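Engineer: Predicted coordinates and the sequence they were generated for:
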Amino acid sequence: MSTRAVLQARLEQGIATLGLTLPVGAVERLLDYQALLERWNAAYNLTAVRDPAEMVTRHLLDSLAILPYVQGGTLADLGTGPGLPGIPLAIAAPGRQILLVDSNGKKVRFLREAIRALRLDDVRAVQSRVEDVEGTFDCVTARAFASLADMLGWGGHLLAPGGVWLAMKGRLPAEELPGVPPGFALRGVHALAVPGLDAERSLVVLGRAAD
């Protein structure tokens, strides 16, 4: 069995375990993204995860685990790094306008190549600090790049009225919850079971306090 076939089996099993149904061709595109990331990573050091099977678990399935909580027609992925969770979400649920935000030039160059190579027509990448990004979005995702207080302090202006902020964390950051800034409210905390990952994952869901 080829390496790709092994990775495909791992990915398909994980998607089934998560209870997700993806569009036709999505698994192939997710693996194309993983292969592109693996290739660029050798030269650009975009992620500390180097093993392809670990990439499937820690990057693809970890990102897809939040798909049931994503809503709305627009999404901003803050501190996206090499496109996580934004690119897997774009492949798994196409048709949403997605903005990938990172301040690292190497990572944004990779993002633009991934967008081109994978033909992700509804996805854009911008090199910027979060606080300098303009616009509002129905959904904002952030994968453990800062505390809740800092995330919302820098990027809270991007959340549209009625929108949802999805903060991906490892263990539940109970000590961070009291630090949620005024104007925002906790909507829920969900334990995520990422197939194949023997580590705690939690999703903190926030919204605007007035909604």
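Structural biologist: Arrived safely, thanks for sending.

Engineer: So in the protein, which strand runs the longest?
Structural biologist: Identified as the longest strand of the chain according to DSSP state E is strand 159-169.

Engineer: How far away from the center of its chain is that one?
Structural biologist: Its chain's average C-alpha position is 12 Å from that of strand 159-169, according to CA atoms, centre = their mean, to the nearest Å.

Engineer: ok and the following helix or strand past it relative to strand 159-169, angle-wise?
Structural biologist: With elements assigned by DSSP states H and E, the helix or strand that comes after strand 159-169 is strand 184-191. In terms of direction (axes from the mean of the first three to the mean of the last three CA atoms, to 10 degrees), strand 184-191 departs from strand 159-169 by 40 degrees.

Engineer: on that earlier part again, packing partners of the longest strand of the chain?
Structural biologist: Contacts defined by 3 or more CB pairs under 8 Å, 6 or more residues apart in numbering; DSSP states H and E place strand 159-169 against strand 137-143, helix 148-155, strand 184-191, strand 202-208. All C-beta spots, glycine's among them, are computed from the backbone N, C-alpha and C.

Engineer: tell me the mean pLDDT for the second one?
Structural biologist: Okay, so that is helix 148-155. Confidence for helix 148-155, expressed as mean pLDDT, is 95.

Engineer: Give me the angle between it and strand 159-169.
Structural biologist: Helix 148-155 and strand 159-169 are oriented at 140 degrees to each other (the same axes, to 10 degrees).

Engineer: contacting residues around G183?
Structural biologist: In this structure, G183 makes contact with G156, R208, A209, A210, judged by CB atoms under 8 Å, 6 or more residues apart in numbering.

Engineer: That one and L206, how far apart?
Structural biologist: 10 Å (CB to CB, to the nearest Å).

Engineer: cool, V6 as well?
Structural biologist: 38 Å.

Engineer: Neighbour count for these two, which is higher?
Structural biologist: Neighbour totals were compared for V6 and L206, and L206 leads with 25 against 13 (other CB atoms under 10 Å).

Engineer: which residues sit in contact with that one?
Structural biologist: If you count contacts by CB under 8 Å, 6+ apart, L206 has them with L148, L152, V164, W165, A167, V180, F184, A185, L186, R187.
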